[in-house]
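# Could you work out the structure for the sequence below:
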Amino acid sequence: MDESELQITPTVWNHIDFIEDPKNFTYNEFFSTYMIGNAPCLFSSKFTQSWGSRKSWVTSDNKPNWHYLLQNFGDAVVPVANCDVKEYNANPKEQIPLREFISYWREYTENGCQSPRGCLYLKDWHMTREFLDHDVYETPAYFSSDWLNEYWDAIAEDDYRFVYMGPAGSWTPFHADVFRSYSWSANICGRKKWLLFPPGQEEYLRDCHGCLPYDVTSPTLQDANLYPNYSRCCPPLEVIQEAGEIIFVPSVWHHQVYNMEDTISVNHNWVNGCNVSVMWSFLQAELGAVQKEIGEWKETMEGWDRHCQIIMKSCTGIDYKEFYTFLKMIAERRIQDLEKGPPDSPSEGSLDVMVPGPQHARFDIRKIAEVLTLLMSNEDFQKLDKETLDPPPGEFLSRLQKLIERKSCT
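You can find the predicted model right below:
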């Protein structure tokens, strides 16, 4: 499966579903309509009204509570990007104390959104990893089948949970999310504008060299010599996200995001059985790009295939062998869930409850077996030294297949 297979959306997408009431929206609905359907949706502020950050991080007039943030997190060192500077299709970052950023932010706002330092945006802060004891938010159950954070939490190396803070005018350039994962983003305060493009539409936005744009609103895209297929691209789905609301961004939906006022948000990237095949397709494409880039040394470089994996991991954060380890760990945990868990109730059998549950565990195991079969048949994976992989992939796949047959995993 490649990313183009996710073109399940209409040519023109001009609507996003709004989920109003937590009491009337089941996990099964989200699973089948939005994750399997790879369709975006927007959750109302009712889904976040109990969060600690919605109460303590925000003033009565929906502004950032500077005093609280400084008192609790002021000494934290945070990554800050300069939105006014382009560097390799992104913004350059620096690490500064949060109190320095907040001081800048307040002055920037008071001076009519102007500063000699430019427009700075705190992005990708691993806040929850640093402050485990703070009551900031609870991951909504709809997003709880999260293999990425489950895996990286287990190996204690990384996570894909982030806090963003920025003034009006701060923004994120055009991109698709890491590993082509799902993402959810909740506004603690403030408003965002999202420009979303369904899978496949990004191909019409490539320039004559095959590169994606930095800014999809730039007038240069109107130049047919530079962007020959731009006229074929559908208009973006424009979404205004209010304070407290959560947006779900599906796999391979490229997007560009603006803060319309002082805004703080929480974001997770995640993969599960619904889109793990997309992650595998992404890794194949990334390896292919690396192989093309250093292809001229294939015959003369000792261990060329191994070097390609090293380069890919430096760019993406994972290589094929770790991808196997990732799949294996999630599968082993689901097997443990089945061994210790109770039998399905009628509602669990229909995936109509919040995860985890036996039916969901079997779904995960089946999807892992499907992707593991593809991984093992992949020519590049077969060339790797797999002696360190325990258990051997073939042995582990056989175990999964027997379990699927025994449990009638459908």
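
# what about Cys315, neighbour count?
Here the number of neighbours of Cys315 (other CB atoms under 10 Å) works out to 12. From N, CA and C alone the C-beta is placed, and that goes for glycine too.

# could you pull out the strands for the stretch 51-200 of the chain?
77-82, 93-97, 120-125, 161-166, 171-175, 182-189, 192-197 (DSSP state E, counting those that start in this stretch).

# So which of the ones you listed is the most surrounded?
Among those, judged by mean count of other CB atoms under 10 Å, the one packed with the most neighbours on average is strand 161-166 (a mean of 25).

# where in this protein is pLDDT low?
Across the chain, the stretches falling below the confidence threshold (pLDDT under 70) are 1-12, 341-356, 407-410.

# Tabulate the strands of the stretch 51-200 of the chain (a markdown table), appending distance to Val266.
As requested, the strands of the stretch 51-200 of the chain are arranged in a markdown table below (distance: least, CB to CB, whole Å):
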| stretch | distance to Val266 |
| --- | --- |
| strand 77-82 | 14 |
| strand 93-97 | 19 |
| strand 120-125 | 10 |
| strand 161-166 | 6 |
| strand 171-175 | 15 |
| strand 182-189 | 5 |
| strand 192-197 | 12 |
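
# Can you say which of these is nearest to Val216?
If you check each of the strands of the stretch 51-200 of the chain against Val216 by CB to CB, strand 171-175 wins as the nearest, at 5.0 Å.

# distance between the closest one and the chain's centre?
Counting by CA atoms, centre = their mean, to the nearest Å, strand 171-175 is centred 14 Å from the centre of its parent chain.

# Can we start the residue count at 58 from this point?
With 58 as the first residue, the last one maps to strand 228-232.

# and that strand with strand 177-182, angle?
Computed by axes from the mean of the first three to the mean of the last three CA atoms, to 10 degrees, the angle separating strand 228-232 from strand 177-182 equals 60 degrees.

# quick one, which of the strands of the stretch 108-257 of the chain is nearest to Thr166?
Within these, the stretch nearest Thr166 is strand 218-223; the backing value is 10.7 Å (CB to CB).

# Against which helices or strands is the closest one packed?
Of the remaining helices and strands, those touching strand 218-223 by 3 or more CB pairs under 8 Å, 6 or more residues apart in numbering; DSSP states H and E are helix 155-167, strand 177-182, helix 184-187, strand 320-327.

# can I get those in JSON lines with distance to Leu340?
Listed next are the helices and strands packed on strand 218-223 as JSON lines, based on distance: least, CB to CB, whole Å:
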{"stretch": "helix 155-167", "distance to Leu340": "34"}
{"stretch": "strand 177-182", "distance to Leu340": "21"}
{"stretch": "helix 184-187", "distance to Leu340": "24"}
{"stretch": "strand 320-327", "distance to Leu340": "15"}
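
# for this protein, which residue is closest to the average position?
Against the mean C-alpha coordinate of the chain, by CA atoms, centre = their mean, the closest residue is Asn326 at 2.8 Å.

# Near the residue nearest to Lys355 when sequence neighbours are not counted, how many other residues are there?
Take Lys355 and drop its neighbours on the chain: the residue closest to it by CB to CB, 6 or more residues apart in numbering is Trp361, 5.0 Å away. The tally of other residues near Trp361 (other CB under 10 Å) stands at 15.

# Repeat that for the one 10 residues further on.
Applying other CB under 10 Å, we find 10 residues neighbouring Ser371.

# if we can go back for a sec, ok, the residue nearest to Lys355 - contacts?
For Trp361, the contacting residues are Ile351, Trp354, Lys355, taking CB atoms under 8 Å, 6 or more residues apart in numbering as the criterion.

# Tell me the one of those residues nearest Lys443?
Looking at the contacts of Trp361 and their distance to Lys443, the nearest is Lys355, at 20.9 Å (CB to CB).

# close enough to count as contact, Glu259 and Pro270?
No - shown here, Glu259 and Pro270 do not form a contact pair, counting by CB atoms under 8 Å, at 9.2 Å.

# May I ask you to confirm that Trp123 is in contact with Ser160?
No - applying CB under 8 Å as the test, Trp123 and Ser160 come out as separate, 9.3 Å apart.

# which residue lies farthest from the center of this protein?
Note on the chain: the largest separation between a C-alpha and the mean C-alpha position, by CA atoms, centre = their mean, falls on Thr357 (37.6 Å).

# Secondary structure element holding it?
When secondary structure is defined by DSSP states H and E, Thr357 falls outside every helix and strand.

# any idea how far it is from Ile351?
From Thr357 across to Ile351, the span is 11 Å (CB to CB, to the nearest Å).

# just Leu340 next, same as before
Computed as CB to CB, the Leu340 to Ile351 distance reads 17 Å.

# Please say which of these two ends up with more neighbours.
More crowded of Leu340 and Ile351, by other CB under 10 Å: Leu340, with 22 against 13.

# residue contacts, that one?
Residues touching Leu340, when contacts are defined by CB under 8 Å, 6+ apart, comprise Phe236, Met369, Thr373, Ile375, Tyr377, Phe380.

# Please repeat the previous calculation with a cut-off of 7 Å.
Applying CB atoms under 7 Å, 6 or more residues apart in numbering, we find Leu340 in contact with Thr373, Tyr377, Phe380.

# Check whether the residue nearest to Tyr377 when sequence neighbours are not counted sits in a helix, strand or coil.
Leaving out its chain neighbours, the residue that sits closest to Tyr377 by CB to CB, 6+ apart is Phe438, at 5.0 Å. Per DSSP: H, G, I helix; E, B strand; the rest coil, the local secondary structure of Phe438 is helix.
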